[in-house]
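K.L.:
Provide a 3D model corresponding to the input given below.
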Amino acid sequence: MARLARLSVPGCPHHVVQAGCGASVFRSDDDCLFYIDCLRKGAREFGVLVAAYLLLPGEVHLVALPGDRDSLSRFMQSVSRRYVRWFNRRHGLEGTLWEGRFRSSPVAPEWLAQIALYIERLPVERRFVSSPEQYVWSSFAHHAGLRTDPFLPSPAELSAACCGAAGFTAVYGELLGEETPEGFGRMVEQMTRRGRPIGPRDFIDRIPAPEERKRALRPRGRPRKSATLGSGHDTSDL
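P.N.:
Residues are numbered from 1 along each chain as shown. The predicted model follows:
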């Protein structure tokens, strides 16, 4: 299936994945710290709110809210180029570090806590650690109230990003006591790979895009039954 042109919705959360090619893209704590500094500077420069992050040895996951239609692409381009220059100089390498362009999907604002916790639990799913708080290079500790990452939004800012839905901290705390629904991760991976929206069926109708584009985004056939999410959301309409 052909991949649609990247869809960027200002003010809406986006799940972003940037994969490395070949060897690890993070070889030391200093590499991780520098990448986070690139995120901080890029977010300020291009008007992007980074709501959550995860740095795995071979890839990066972000939940980011762009200020305008082009800011997410400019932000990721700046972060990627700045980090590659640092990485190559530090490790005596040259050439590309990333496996092609980044992938992204807009996420329903009311699913902000779900998508943030999903990426923060990936180190457990991939058996790097036995619990998410053990993995240093993610936003989990910030959202769980175990530390403060100065460049990440406050709970009030994240609640505002949920467009009036239940407060981010309340929803996130409720989800902490639940397992990730079966099939949710697979759905997120598929949608992000294809650049399609992540959320309930009516989320596509709320996206400010031409009707022709919305028709291309809507799934064909009957909705598939799937696991339910916390806080009254489900994946059955995806």
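K.L.:
span of stretch 119-127 from start to end?
P.N.:
Here the two ends of stretch 119-127 are set 14 Å apart, with distance taken as C-alpha to C-alpha, to the nearest Å.
K.L.:
now it: buried residues?
P.N.:
Applying a neighbour-count criterion of 16 or more other C-beta atoms under 10 Å, one finds 119-124 buried in stretch 119-127. Yep, even glycine has a C-beta here, placed from its N, CA and C like the rest.
K.L.:
which of these fall in helices?
P.N.:
In this view, the buried residues of stretch 119-127 that belong to helices under DSSP state H are 119-120, 122-124.
K.L.:
pLDDT added to these, as CSV?
P.N.:
Output for these, formatted as CSV (pLDDT from 0 to 100):
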residue, pLDDT
119, 97
120, 98
122, 97
123, 97
124, 96
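K.L.:
what is the nearest of these to residue 173?
P.N.:
Taking C-beta to C-beta as the measure, residue 173 sits nearest to residue 120 out of those, at 13.4 Å.
K.L.:
what sits closest to residue 68 if chain neighbours are left out?
P.N.:
residue 10 (5.1 Å; C-beta to C-beta, 6 or more residues apart in numbering).
K.L.:
how deep is the one you found tucked in, by neighbour count?
P.N.:
Per other C-beta atoms under 10 Å, the neighbour tally for residue 10 reads 15.
K.L.:
now residue 26
P.N.:
For residue 26, the number of neighbouring residues by other C-beta under 10 Å comes to 21.
K.L.:
what of residue 166?
P.N.:
15.
K.L.:
got it, and residue 155?
P.N.:
Neighbourhood size, residue 155 [other C-beta under 10 Å]: 15.
K.L.:
which pLDDT does the model give it?
P.N.:
On the pLDDT scale, residue 155 is placed at 86.
K.L.:
my read: it touches residue 168, true?
P.N.:
Yes - applying C-beta atoms under 8 Å as the test, residue 155 and residue 168 come out as touching, 5.7 Å apart.
K.L.:
quickly list what's touching both of these two.
P.N.:
Residues within reach of residue 155 and of residue 168 at once, by C-beta atoms under 8 Å, 6 or more residues apart in numbering: there are none.
K.L.:
gap between the spatially most distant residue from the centre of the chain and residue 33?
P.N.:
The outermost residue of the chain, judged by C-alpha distance from the chain's mean C-alpha position using C-alpha atoms, centre = their mean, is residue 92 at 30.2 Å. Between residue 92 and residue 33 the computed distance is 19 Å (C-beta to C-beta, to the nearest Å).
K.L.:
how about residue 203?
P.N.:
Following C-beta to C-beta, the distance that separates residue 203 from residue 33 is 35 Å.
K.L.:
neighbour count for the two, which is higher?
P.N.:
Applying other C-beta under 10 Å to residue 203 and residue 33 shows that residue 203 carries more neighbours, namely 21 against 13.
K.L.:
ok, the closest residue to that one other than its chain neighbours - contacts?
P.N.:
Across the structure, with C-beta to C-beta, 6+ apart as the measure, the residue nearest residue 203 apart from its sequence neighbours is residue 108 (4.2 Å). Residues in contact with residue 108 (C-beta under 8 Å, 6+ apart) are 13, 197-200, 203, 233.
K.L.:
put the buried members of those residues into a PyMOL selection.
P.N.:
Buried residues within the contacts of residue 108, by 16+ other C-beta under 10 Å, are selected in PyMOL with:
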select buried, resi 13+197+198+199+200+203+233
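K.L.:
so where do the strands sit in this structure?
P.N.:
Read by DSSP state E, the chain holds these strands, from start to end of the chain: 14-19, 48-56, 59-66, 103-106.
K.L.:
relative orientation of the longest one and strand 59-66 in degrees?
P.N.:
It stands for strand 48-56. 170 degrees (axes from the mean of the first three to the mean of the last three C-alpha atoms, to 10 degrees).
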